[in-house]
Each structure stands twice: as C-alpha cells, then as structure tokens.
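> Following is a predicted model, sequence given first.
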Amino acid sequence: MTVFWFLIKEGFRGLARSNYSSAFSIIIITLSIVLLGFGYVAARDTLFLVDHVRAQFDVDIFLHSSATPGEIDAFGKMLAEMNKIQSITYISPDSAAERFKQEFGEDIFDILDYNPLPPSFTIRLKSEFRNLAGIEEISGIVSGISLVDEAKYRKNFLILLEKYQRYTLATVFTVFAFLTLVSVLLISNSIKMTIVARRDVISTMKLVGATNNFIRAPFLIEGTLQGFIGAMFASIFIALVFYFLNNYLQTIISYRAIVSYRFYAGIILFGGALGLTGSTRAIRKFLK
C-alpha cells in the first residue's frame, strides 16, 4: 500500500513538474473533448430527428375499384399476417371522399357524378424495418398481387434522408477518430518530454534496482491525470453552454439539448482513457 501511494504522489508531482507541456496537453484534450461532446449531441439529435421523420413514412396501397368486400377483407388479413407491419388502416371509398373534402374543401360529388377514389390501405412498418430497404421489400410484395393497383411512398425523400444520415455518421466518425488521434499524440509527446527531462533520475532508479513497471507507473498516472483534468474542464464548459442554450435562447431557437449525467461521466472516463493511451504509447518507446 505504501508503494501504491508513493506512485500516486509521483504521478501528481510529475504533472506539476511538467509545467507548460502538461498544460498544453490538457488544453488540447479539453478542446478536443469539447468538440467531440458537441459533435456527439448534434449527431445524436440529428439521427433522432431522422428517425422521427422516418417514423411518419407510410405506404399507401391502392386497390382496384372493382375489388369486392370479400377480396378487400382477405387482403387485409394477409397484411395483418406480415410480421414487419406495425399498423394497418383501411380507407374505404367513402372515407377517401370525406378526406378529399377536408383537405381540398370540395365535395368530390360536386366535381364528378361518381366517386372515383378506390379503396386503400395505409400501412406503417415496425421501427426496425422503417427504412428504404424494408419499405421497398413490402411495396414489392404487395405490388405483385393482382388486386393491388399501386403502392405509393415518398421514395425520393427517403433516399435523401438516408443519404444525409450516412453523411452524418461518416462525418462524426471521421472527426472523432481525428481528434482522438491528435489528443493521444500530444499526450504522448508531453510524456516523452517529461521522460527526457528526467532521464538522469530514471537511470539512477534503474541502477538501484527499480523495475520498469515501477518506473512506468508514475508516467501512466500523470498521463491519465492529464486526460481526467482536460475532460473535467470540457464537461464544465459543455454544461455551461447547454445551460445557457436551454435557459436563455429558447425564445430564439426551439432546440433544447438534453444530456444526462452519464454523458458527462462518459466524457471524463474517455478523457482518462485518452491520457492513459497516450502515456502508454510514449512509455512503450522510451522505457523498453
């Protein structure tokens, strides 16, 4: 236990002795995690918005006007047996005429002497199938049935939506990877500078029998502390920005950022992992 506390104290002392190099690494970690934190929330809410919009996508299945009540009933039962469909709504010609009147303010019978609107079904897929591939599959199945005149959905808009979803994910991943790499490299360089500055002390420790693991421990602790401190500064900054955004800008924008304590805990743990990774990388090269 005495050795453990000695190594912890050495890690803190090393952080204090590093001066500008540690401060620079902490600043870079803070900036990197701030960008990652904001990027994560923005990407999360963008994807949530995409899912919300996608949830409104329905497939309208129009039947031939000559379909009999028995055929319509049988078709509805067939749809109900498809496990990918969440809900089914039948729209009779009379209901369609009523909708037409509500939407356009005109009675279809005042325009024509008959009701040309066919019977139809509106189906909504389960969330896991509510994408272009799932909708196209169901649309292809029902379109092949002779009773069906047409299956319609907003294909072009759905293609555009999924395209931007892929772009968002690719951008977030690229930025995350870049900032993580930059942070690890800077922490590594900071620890390398510390090792070089203390190489005489390290040589002396080796001469008196100190093991490599004993020498490594303070540097690992120092790098981890840099990561934790940078992450804590980033968490405070992000929390203040979101507090200001949610409490003082609601009259300007309707967006409200919702983040939990787990988000900030994740940021701090990620910062510590960054510091540990960077210091491990530096020590592996200098203390073989």
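Thanks, I have it. Numbering: from 1, shown residues only.

> element containing residue 89, please.
strand 85-91 (DSSP states H and E).

> And that strand, what does it pack against?
When contacts are defined as 3 or more CB pairs under 8 Å, 6 or more residues apart in numbering; DSSP states H and E, strand 85-91 packs onto helix 69-80, strand 120-125. In this view, the C-beta of every residue, glycine as well, is placed from N, C-alpha and C.

> Skip the chain neighbours and tell me the closest residue to residue 135.
Of all residues not flanking residue 135 in the chain, residue 153 sits nearest, at 5.6 Å (CB to CB, 6 or more residues apart in numbering).

> Contact partners for the one you found?
Shown in contact with residue 153 (CB atoms under 8 Å, 6 or more residues apart in numbering): 57, 58, 59, 60, 135, 139.

> Helix, strand or coil: sort out the fourth one for me.
This points to residue 60. Three-state call for residue 60 (DSSP: H, G, I helix; E, B strand; the rest coil): strand.

> pLDDT score for it?
Per-residue confidence (pLDDT) for residue 60: 85.

> Was I right to think it contacts residue 120?
Yes: counting by CB atoms under 8 Å, residue 120 is a contact partner of residue 60 at 5.9 Å.

> Which one of those two is surrounded by more residues?
residue 120 (22 against 15; other CB atoms under 10 Å).

> That one contacts residue 62, correct?
Yes: using CB under 8 Å, residue 120 makes contact with residue 62 at a distance of 4.7 Å.

> need the helices for the stretch 51-200 of the chain, in chain order.
Ranges of helices in the stretch 51-200 of the chain, per DSSP state H, counting those that start in this stretch, are 69-80, 93-104, 108-111, 132-143, 155-197, 199-207.

> Show me the one of those helices that comes nearest residue 36.
Residue 36 lies closest to helix 155-197 among those, at 5.7 Å (CB to CB).

> mind listing what the spatially closest residue to residue 239 that is not a sequence neighbour touches?
Spatially, and ignoring its direct neighbours in sequence, residue 239 is nearest to residue 264 (6.9 Å; CB to CB, 6+ apart). By CB under 8 Å, 6+ apart, the contact list for residue 264 reads 235, 238, 239.

> what angle do whichever strand or helix holds residue 264 and helix 155-197 make?
Using DSSP H and E, residue 264 maps to helix 261-286. Going by axes from the mean of the first three to the mean of the last three CA atoms, to 10 degrees, helix 261-286 is angled at 50 degrees with respect to helix 155-197.

> same for the helix or strand containing residue 49, what does it pack against?
Following DSSP H and E, one finds residue 49 within helix 20-54. When contacts are defined as 3+ CB pairs under 8 Å, 6+ apart, helix 20-54 packs onto helix 155-197, helix 212-248, helix 261-286.
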